[in-house]
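# Here's a sequence, model it:
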Amino acid sequence: MKASDLLVRQLEEEGVEYVFGLPGEENLSFLESLRTSRIKVHITRHEQPAAFQAAAYGRLTKKAGVCFSTLGPGATNLVTGVAHAQLIGAPLVAITGQKPLRDNWQARFQLIDVVSLMRPITKHAISIADPSTIPTVVRNGFKLAQAERPGAVHIELPADVAQSTTNASLQVRGAVRRPAPDAKAVALAASLINAARRPLILLSGGANRNLITEELVRFVEKTRIHAIHTQMGKGVLSDASEYSLFTAGMHKRDYVNCGLDRADLVITIGYHVVEYPPYVWNRNLDKKILNIDFTEAEPDKYYNPVLEVVGDISDALHSLGAQVTPKKDDDIFPAVRAFLIKKLGGDPSGRKFPPTPREVVRHVRNVLAEDDIVALDNGIYKLWFSRLYKTYKPNTFLLDNALASMGAGLSTALTAKMLNPHRKVLAVVGDGGFMMNAQELETAIRYNIPVVVLILNDNAFGFIKWEQQVKGFTNFGLDVGNPDFPKFAESFGAAGLRVGERDDLSEVLREAFALGRTAVVECPVDYSVNYATFSEELADLQCET
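Numbering: from 1, shown residues only. The predicted structure follows:
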């Protein structure tokens, strides 16, 4: 069998549904093998969004997403998306082409050591030198990518290896069950929780799974323990729950810290220090921490659990629920929730034009149903959405608070819509982040993916402008020019809409969704409130409980 055919057959055995990428001369054999397979091939306009799309697939399905590129510049373009998958804990397998191992007549042209480039940002990176090893290399790659904590794996396929023949057989995918947590560890954890006066749960991205939510809801309703989310954990516990203390929206003290301050035991579930620095909530090193996760914690000076329950999180919560005594009524955390609702509630300034970010969040929440999906790029609006956007179900609020790369929002939304065709999917992007991968509008149209993109336009890199102001620097270098975004969208074949002074953003968004095709909505935004809120107001944060 041709080696590239064997590789694709092994991908099929792994259950791969899609591959995202951009081919080149060195992987045309791989592309041809894909053409005759069951796998759907999505050709993007740049390799970086191909990796973003594959990472989103891994994040949403828990099965490794697959992206591919050619050698040299194609591989280097993948790097940001691969690092993104690794840091957010999304299973991903990246496959790159390479010059022939033998008889490379092009000498050093486009030749770099891609495996060494990928090694620091993946769980494993390998080049296939012998075609007979393809089944084992791929099987091992998928197991590693999907094993807890999930992440990225890189496989290089040189052109001559891809074109060679082999008698190797497929390696059958086996079943794997996560181990249950140790019974003694569960008993010790239950004793720790029972001894605490005010335990509090910190829910993170590693817990953002439907099965965990089912057990978690039962656990919190029985024990009456309240919970706070990290940005990537939003939706694990519904914000409609009386036990939700909402979300830690930024890497500094915010109103939710009024809850964390009062906890004498913090129960981290699916937590990784990359998401929300423990310094923010344990700077005095006085928090007793219980960690519940699939794998052991990665320690930090400010994150050193006194006990860890390692194993399937759902199983751990189920077992703990039977041993934890319900907490006696204590008005502290209910009072914190009431305080947060008041502080993070409606916009007292009323309707303005351009709308403030708070007003934008209100409109988006009005338009989307509880199980609809919002995918955010990286900009200052991400903080506002994290703090204010009520989330009710797992994986309906998608952002990257690990690598936090601009340019990922649109690609994430495309994958989310492909996997959830009957839900509304909205990409919320800044003008800066959108322009980094705006070409993917054509990908959306070519594959008929009817996402709606909301561009919040301040004609600047607004997040960095705020940071510039915070540091006392002069406003310099961060204002930019932009195209006419509705016309830009229409030039690709998408619908283009703009929010004007007399328009209601909710109605414009509803109009965009009603079109049933790829649509871009440009909305100017008033970021003058950033400094007043995040720098002045929170610097003088006063808890009322």
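
# So which residues of the stretch 151-300 of the chain form helices?
159-163, 183-195, 210-223, 257-260, 278-282 (DSSP state H, counting those that start in this stretch).

# Export the ones you listed to CSV and append columns for distance to residue 57, mean pLDDT and mean neighbour count.
Heads up, the C-betas are built off the backbone N, CA and C, glycines and all. Shown next, in CSV, are those (distance: least, C-beta to C-beta, whole Å; pLDDT from 0 to 100; neighbours: other C-beta atoms under 10 Å):
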stretch, distance to residue 57, mean pLDDT, mean neighbour count
helix 159-163, 24, 88, 21
helix 183-195, 33, 97, 16
helix 210-223, 16, 94, 18
helix 257-260, 33, 90, 22
helix 278-282, 30, 93, 19
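
# Out of the ones you listed, the one nearest residue 321 is which?
helix 210-223 (4.6 Å; C-beta to C-beta).

# Excluding covalently adjacent residues, which one is nearest to residue 531?
residue 469 (5.5 Å; C-beta to C-beta, 6 or more residues apart in numbering).

# any chance of the helices of the stretch 151-300 of the chain in JSON lines, plus distance to residue 95?
JSON lines is the format used below for these (distance: least, C-beta to C-beta, whole Å):
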{"stretch": "helix 159-163", "distance to residue 95": "10"}
{"stretch": "helix 183-195", "distance to residue 95": "39"}
{"stretch": "helix 210-223", "distance to residue 95": "29"}
{"stretch": "helix 257-260", "distance to residue 95": "42"}
{"stretch": "helix 278-282", "distance to residue 95": "36"}
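
# show me where the stretch 51-200 of the chain has strands.
65-69, 92-98, 124-127, 152-158, 199-203 (DSSP state E, counting those that start in this stretch).

# can you list the weak-confidence ranges in the chain?
Flagging of the chain using pLDDT under 70 yields the residue ranges 99, 101-111, 346-350, 545.

# of all the strands of the stretch 51-200 of the chain, which lies closest to residue 540?
strand 199-203 (24.0 Å).

# hmm, who's touching the closest one?
Applying C-beta atoms under 8 Å, 6 or more residues apart in numbering, the external contacts of strand 199-203 come out as 193, 216, 220, 225-230, 233, 236-237, 245, 259-260, 262-271, 276, 281, 327, 333.

# picking that back up, the residue nearest to residue 531 contacts residue 475, doesn't it?
Yes: at 7.3 Å, residue 469 and residue 475 qualify as touching, with contact defined as C-beta atoms under 8 Å.

# more neighbours, the two?
Neighbours per residue (other C-beta atoms under 10 Å) separate residue 469 from residue 475, with residue 469 holding more: 14 against 10.

# What's the separation between the more buried one and residue 261?
Going from residue 469 to residue 261 by C-beta to C-beta, to the nearest Å gives 28 Å.

# Now do stretch 186-202: distance from first to last residue.
18 Å (C-alpha to C-alpha, to the nearest Å).

# gap between it and the chain center?
Relative to its parent chain, stretch 186-202 has a centroid offset of 29 Å by C-alpha atoms, centre = their mean, to the nearest Å.

# and if you look at stretch 322-334?
Centroid displacement of stretch 322-334 relative to its chain, using C-alpha atoms, centre = their mean, is 32 Å.

# What is the burial count for residue 196?
Neighbourhood size, residue 196 [other C-beta under 10 Å]: 18.

# With adjacent residues omitted, what lies nearest to it?
residue 265 (3.8 Å).

# My guess is that neighbour contacts residue 290. True?
Yes: at 6.2 Å, residue 265 and residue 290 qualify as touching, with contact defined as C-beta under 8 Å.

# When those two are compared, which one has more neighbours?
residue 290 (22 against 19).

# so how far is residue 297 from the more buried one?
Taking C-beta to C-beta, one finds residue 290 at 10 Å from residue 297.
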